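Chemist: Sequence first, predicted coordinates after that:
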Amino acid sequence: MRSPILDYLDEVVADTAHIDSGVLADYIPELAAADPGRAAVALCTVGGTVYASGETHHEFSIQSMSKPFAYALAIEDNGLDHVVECVGVEPSGEAFNELSLDPDTGKPRNPMINAGAIATHALIRPDGALPVDRFLGYLSRMAERDIALDEAVAESELATSSRNLGLAYLLHASGNLASEPRQTVEGYVRQCAASVTVSDLALMASTLANGGIQPNTGERLLSRKGCRQVLSVMASCGMYDAAGNWLTNVGIPAKSGVSGGIIGVLPGQVGVAVFSPRLDEHGNSARGIAMMDRLSADLELHLMEAG
Ligand code: GLN
C-alpha cells in the first residue's frame, strides 16, 4: 500500500510550485545551465526508510552540503581536538565565500564557510588514495550506493576558482593549511562536485540523525561526540548569514549548497533533503526553504518546541 507520507510529500512539492523567486548560481557556469523549475524532497527516518517525491532521480552536485560530511571525516581521521585546533566553530555572519579568517590567528572561523571547508578538506587523510576519493567512499557508505563525481561541474568550477585559491593561499601563508593550496582547492572543488539525489542526501542526513550510525547497514561512520559536533556547527553556521533566521523559523541543524539543495537533521528522528535550483540572496534555495518551512511546521520538527 502507498504510504500517506508519500501523498504528503507530493503535496509539499505541489504547494510550493508557484515559488519562482531567486536566481541560479552563475559563478559556476555549469550550475547556470540547471533547469530552474526542478524540485524534489526526501525524508529518511532513523529506521532507514526513505520517502521521496518530485524529481527524485535527478542528480545534482552536492556543493556545500559536502561540508558537514568532510568535517565528519576529518574528525574521524584526526580526532575532534585536533580539528577544533585547526578550524573554529564560531558563526561568521558572512557570506559563504567571504575572505573570513580570524584576524589574530588566521584560522578559518568555521567549517561551513569556504575558508573552513578548504582547511577541513586538507585534514582528510589520503591513506593511499586521494582525500577526495576517500571522501566519496565515505558518502557512498552513508548513501548505500557508489557516489561518483560530476566531472563537468568539477571542471567548470576549477576554471573559475580564483576566490577559493585566494582563500587557500591566505590560509597557507598563516600556517593554517595542512597541504599545498592548489592541490587542496582542486580536491575541495571535486568534493563539491559529488553527484547526489535527494534520497541519497536524506540517507546521509539520517546517519547524522542516528548519532553517526548508518541506519540500514548499522555501520558506525562517525563517533557520537563527532556527530554532536557536526550537528552543532550546522545549527549555528550551516545557513551562512541567514543562520539565525533559519534556526528561529525552521529550527533544525541544516546545510545548504549553491546547486539548490538543503539537508536538515532532527537528532534522533529524521533526516530531510530538498532540492530546487533558484537561490535567494544568501545563496540558499528559495523554494527549498519554503519546502523545509512546511516540513518543519507540519511534522513539528522545530528543536526548540516543547513536546
Ligand atoms: N563549490 C562551491 C564554492 O566553493 C560551494 C559553495 C556553496 O555551495 N555554497 O563556491
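Modeler: Alright, I've got the coordinates. Numbers count the residues shown, from 1 in each chain.
Chemist: Could you pull up phi and psi at the residue nearest the centre of the chain?
Modeler: Geometric centre of the chain, nearest residue: Met65, 1.4 Å, by C-alpha atoms, centre = their mean. With angles defined as degrees, to the nearest 10, Met65 sits at phi -70, psi -10.
Chemist: Can you pull out the low-pLDDT segments for the chain?
Modeler: 307 (pLDDT under 70).
Chemist: Tell me which stretches of it form strands.
Modeler: Using DSSP state E, the strands of the chain run over 40-45, 50-54, 60-61, 195-196, 254-256, 261-266, 270-275.
Chemist: Would you mind saying which of the ones you listed lies nearest Leu9?
Modeler: When the strands of the chain are compared by C-beta to C-beta, strand 50-54 sits nearest Leu9, at 3.6 Å. Every residue, glycine included, has its C-beta placed from N, CA and C.
Chemist: For the residue in the stretch 101-250 of the chain that the ligand sits nearest to, which non-adjacent residue is closest in space?
Modeler: In the stretch 101-250 of the chain, the residue that lies nearest the ligand is Cys192 (3.5 Å; C-beta to the nearest ligand atom). For Cys192, ignoring the flanking residues on the chain, the nearest one in space by C-beta to C-beta, 6 or more residues apart in numbering is Gln63 at 4.8 Å.
Chemist: how near is the one you found to the ligand?
Modeler: 3 Å (C-beta to the nearest ligand atom, to the nearest Å).
Chemist: cool, Ala254 as well?
Modeler: For Ala254, the distance to the ligand - C-beta to the nearest ligand atom - is 13 Å.
Chemist: Name all residues that make contact with that residue.
Modeler: 234-235, 238-239, 246, 262-265, 292 (C-beta atoms under 8 Å, 6 or more residues apart in numbering).
Chemist: Any idea what the closest residue in space to it that isn't next to it in sequence is bridged to?
Modeler: Distance criterion C-beta to C-beta, 6+ apart; nearest residue to Ala254, sequence neighbours excluded, is Gly264 at 4.3 Å. Assessed by DSSP bridges, Gly264 has beta-bridge partners Ala254, Val272.
Chemist: can you count the residues close to Leu73?
Modeler: Leu73 has 25 neighbours, counted by other C-beta atoms under 10 Å.
Chemist: Isn't it up against Asp133?
Modeler: No. In this structure, Leu73 is not within contact of Asp133 by C-beta atoms under 8 Å, at 11.7 Å.
Chemist: who touches both of these two?
Modeler: Common neighbours of Leu73 and Asp133 (C-beta under 8 Å, 6+ apart) do not exist.
Chemist: can you pull the contacts of Leu167?
Modeler: 97, 99, 114-115, 118.
Chemist: What of Arg220?
Modeler: 212-213.
Chemist: And it, how close does it get to Met142?
Modeler: Counting by C-beta to C-beta, to the nearest Å, the gap from Arg220 to Met142 is 12 Å.
Chemist: same question, Arg224
Modeler: From Arg224 to Met142 the distance is 16 Å (C-beta to C-beta).
Chemist: Asp293 now?
Modeler: On the measure of C-beta to C-beta, Asp293 and Met142 end up 26 Å apart.
Chemist: Between those two, which is the more surrounded one?
Modeler: Met142 (25 against 15).
Chemist: okay but the more buried one is in contact with Gln214, surely?
Modeler: Yes. In this structure, Met142 is within contact of Gln214 by C-beta under 8 Å, at 5.8 Å.
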